[in-house]
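A.B. asks: What follows is a predicted protein model with its sequence.
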Amino acid sequence: KYVVAQNALKSFDKAESQKKEPKIYHHFQKAKSKQHIYDAAQLKFIVGGYHSFSIVNDPNFIDMQHVLDPSVSVCSRRKLTASIQERAEYGRLALTALLAGESYAMTTDHWTSIANVNYIAATVHWINSAWELKSTTLCCSQHEGTQHASDIVHCLTDTRGKFGLNEAMLMATVTDTAANMNATGYLLEKPHHYCLDHVLELITKQINDLMGFDELLERARKIVGSIKHSSMANEQLLSLQRAANETPVTVIQDVSTRWWSTYAMVDRLLRLSGHLNWMADKKVVEKKITDDGWKLMETIRTCLQPFMYFQKLLEGQQYVTISFIPAVIQLIREKLAENGGVPSNYQAKDNNPNANKEPDIQSLSVSLLGVFNIHFGSGDNVLDENLTRGYNNRQKGISKFIFFGAALDPRMKSLTHGVPPIEHDQLWDDITQELIGLASPIAPASPIAPASPIAPPSPIAPAVAIAPAAVAPPAPPNADLLDLFTQLQPP
């Protein structure tokens, strides 16, 4: 924010200087003092390193500064706070100017800390004139109000106002699937979507509730925990890998709030399985996974692999992801159907050539496919799946807003994946009617924002601004999703 503010102020000063003759005092401005330069460096150090403000009162910090340069003094905590507030205001003004006239999307989250304090955060996302995806945090602060939907809406409205964001230019608001966020979506006048990565993570967490897998994963977590909390055990694990001429790595703990972390934990344990069995035999770790358990771990990895891959794809910060969503949903559904030995909606109902999987893989894949279809529908009529609510009154399927993004994106406009061929004409007709509505003095009701509260739009990833199709946006490496998906197959 400091860099943005400084650049904006320089541009402003340059524009002002071109409008009128410079004042005579401009020729006699004093050079910045050493104290001024030090204060700026100290501010950057504290903010950039997330240091406590109290560091300026630490005698050791003060002594270090005096050793470096006795002629300057450490600024007081009061001055430091005032400087940060001043810089923050500069950043707000610069960001306001940067976002003026831009179409944008917002993401928000609300949570309670361990200290039982409520916090709320909001992020803005937009595509600039150079087809670059940009994002920045608008707020991350303590929330004094309740966690009710009305309070969240008020906070978002207030945040937009501080940055001069016009609600008419808001494309969508993205949240998780919590009950209060779901209720917030009803109160928003603009489309509300779930974060797709969040929904996919909810689906994969169902493994923890399935018979046989829950106990296995709990045992795996205990093994990881015992190594993480024992320097001796961790060093023993690394030594065994060095002795085997392997690149030494340690175990990974899955975290409920981190995408695809269960896959990462299982994949790493399978890589280290031989060493972990030896350590269990030597009582270095208390728990041991049996041979049958390792086979089930292979099953878990196989079934979670497509989720992991596409969650990573949707985490991209340098490219727009909304247009990938229809293809992502179809390809995950097809992979689960293939692993489960059942037909998908794009295959003949009486034939599945890939029905030769292990029984455990088939069983788990079918279970995950059932949960997947609860969230996204069967895929038989993708354009209308979003018109009804799903389980627990949650959004279901994909809204037409997202299909519009896929159809107008040069990377995905062939609609090879994500939209059945029989629905292509309907989609282009809907886009045509939307464009006619935008060109009319009074636009008709848009299919992306249904008037009925029972038909809100469906989940998307945080980057939701739709770019015009006239110019191709920069594509990420290997943007062909089907080719990328085939790389998931084990060697």
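C.D. replies: Received, thanks.

A.B. asks: Contacts only, for residue 81.
C.D. replies: The neighbours of residue 81, taking Cβ atoms under 8 Å, 6 or more residues apart in numbering as the test, are residue 53. All C-beta spots, glycine's among them, are computed from the backbone N, C-alpha and C.

A.B. asks: Against which helices or strands is the helix or strand containing residue 335 packed?
C.D. replies: Secondary structure here is read from DSSP states H and E; on that basis residue 335 sits in helix 325-340. Counting by 3 or more Cβ pairs under 8 Å, 6 or more residues apart in numbering; DSSP states H and E, the packing neighbours recorded for helix 325-340 are helix 196-204, helix 291-314, helix 359-376, helix 400-408, helix 481-486.

A.B. asks: So for that helix, what gets flagged as buried?
C.D. replies: For helix 325-340, the buried set under the neighbour-count rule, 16 or more other Cβ atoms under 10 Å, comprises 325-340.

A.B. asks: Looking at those, which one is closest to residue 314?
C.D. replies: Nearest to residue 314 among these is residue 328, at 7.1 Å by Cβ to Cβ.

A.B. asks: Which residue, neighbours along the chain excluded, lies closest to that closest one?
C.D. replies: With sequence-adjacent residues excluded and distances taken as Cβ to Cβ, 6 or more residues apart in numbering, residue 328 is closest to residue 310, at 4.7 Å.

A.B. asks: What number of residues are in the vicinity of that neighbour?
C.D. replies: A count of neighbours around residue 310, defined by other Cβ atoms under 10 Å, yields 26.

A.B. asks: Off-centre distance for the helix or strand hosting residue 232?
C.D. replies: Here residue 232, judged by DSSP H and E, is contained in helix 231-243. Distance of helix 231-243 from its chain centroid, counting by Cα atoms, centre = their mean, to the nearest Å, is 34 Å.

A.B. asks: Output the contacting helices and strands for it.
C.D. replies: The criterion is 3+ Cβ pairs under 8 Å, 6+ apart, and the helices and strands that helix 231-243 contacts are helix 213-228, helix 273-281.

A.B. asks: Would you mark the buried spots in that helix?
C.D. replies: Here helix 231-243 shows 233, 236-237, 240-241 as buried, counting by 16+ other Cβ under 10 Å.

A.B. asks: Next SSE downstream of it?
C.D. replies: Proceeding N to C from helix 231-243, the next assigned helix or strand is helix 261-271, under DSSP H and E.

A.B. asks: Using neighbour counts, pick out the buried residues of that following helix.
C.D. replies: Quick answer for helix 261-271 (16+ other Cβ under 10 Å): 261-270.

A.B. asks: export those residues to CSV and tack on pLDDT?
C.D. replies: As requested, the buried residues of helix 261-271 are exported to CSV (pLDDT from 0 to 100):
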residue, pLDDT
261, 91
262, 92
263, 93
264, 94
265, 95
266, 95
267, 95
268, 95
269, 95
270, 95
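
A.B. asks: Columns distance to residue 75 on top of those residues, output as TSV?
C.D. replies: Rendered in TSV, the data for these read as follows (distance: Cβ to Cβ, whole Å):
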residue	distance to residue 75
261	42
262	47
263	48
264	44
265	46
266	50
267	49
268	46
269	50
270	53
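
A.B. asks: of those residues, closest to residue 204?
C.D. replies: Using Cβ to Cβ, the shortest approach to residue 204 within the buried residues of helix 261-271 belongs to residue 262, at 6.4 Å.

A.B. asks: How many neighbouring residues does the spatially closest residue to the closest one that is not a sequence neighbour have?
C.D. replies: Counting by Cβ to Cβ, 6+ apart, residue 254 is the residue found nearest to residue 262 once chain neighbours are left out, at 4.5 Å. For residue 254, the count of nearby residues is 18 (other Cβ under 10 Å).

A.B. asks: Isn't residue 254 up against residue 221?
C.D. replies: Yes. In this structure, residue 254 is within contact of residue 221 by Cβ atoms under 8 Å, at 6.9 Å.

A.B. asks: Common neighbours of those two, please.
C.D. replies: Contact with both residue 254 and residue 221 is made by residues residue 265, according to Cβ under 8 Å, 6+ apart.

A.B. asks: And the helices in the stretch 1-150 of the chain, which stretches?
C.D. replies: 2-19, 34-48, 59-68, 77-99, 149-162 (DSSP state H, counting those that start in this stretch).

A.B. asks: Who does the helix or strand following the last one pair with, and is each partner parallel or antiparallel?
C.D. replies: Following the chain from helix 149-162 toward its C-terminal end, the next helix or strand by DSSP H and E is strand 170-175. Applying DSSP bridges, strand 170-175 is found paired with strand 104-112 (parallel), strand 192-194 (parallel).

A.B. asks: pLDDT on the first one, on average?
C.D. replies: Here strand 104-112 scores 92 as its mean pLDDT.

A.B. asks: contacting residues around that strand?
C.D. replies: For strand 104-112, using Cβ under 8 Å, 6+ apart, the contacting residues are 118-126, 138, 143, 147, 152, 156, 160, 165, 169-176, 178, 180-181, 195, 462-465.

A.B. asks: can you do 6 Å?
C.D. replies: With contacts defined as Cβ atoms under 6 Å, 6 or more residues apart in numbering, strand 104-112 is touched by 118-126, 171-175, 462, 464-465.

A.B. asks: and the angle from it to helix 196-204?
C.D. replies: Counting by axes from the mean of the first three to the mean of the last three Cα atoms, to 10 degrees, strand 104-112 points 50 degrees away from the direction of helix 196-204.

A.B. asks: Distance from the chain centre to strand 104-112, please.
C.D. replies: Relative to the mean C-alpha coordinate of its chain, strand 104-112 is positioned 11 Å out (Cα atoms, centre = their mean).

A.B. asks: which stretches of the stretch 1-150 of the chain aren't confidently modelled?
C.D. replies: Flagging of the stretch 1-150 of the chain using pLDDT under 70 yields the residue ranges 1-32.

A.B. asks: Now with 50, please.
C.D. replies: Counting by pLDDT under 50, the stretch 1-150 of the chain shows low-confidence ranges at 2-5, 12, 15, 25.

A.B. asks: Next: the stretch 301-450 of the chain.
C.D. replies: Across the stretch 301-450 of the chain, the ranges flagged by pLDDT under 50 are 346-351, 353, 443-450.

A.B. asks: how about stretch 43-63: buried residues?
C.D. replies: For stretch 43-63, a neighbour-count test (16+ other Cβ under 10 Å) marks 43, 46-47, 55-56 as buried.

A.B. asks: just those residues now: which is nearest residue 376?
C.D. replies: Within the buried residues of stretch 43-63, proximity to residue 376 (Cβ to Cβ) peaks at residue 47, which comes in at 42.3 Å.

A.B. asks: Leaving out chain neighbours, which residue sits closest to that closest one?
C.D. replies: Nearest in space to residue 47, with sequence neighbours left out and distances taken as Cβ to Cβ, 6+ apart, is residue 84 at 6.6 Å.

A.B. asks: got it, and residue 101?
C.D. replies: The spatially closest residue to residue 101, leaving aside those adjacent along the chain, is residue 169, at 7.4 Å (Cβ to Cβ, 6+ apart).
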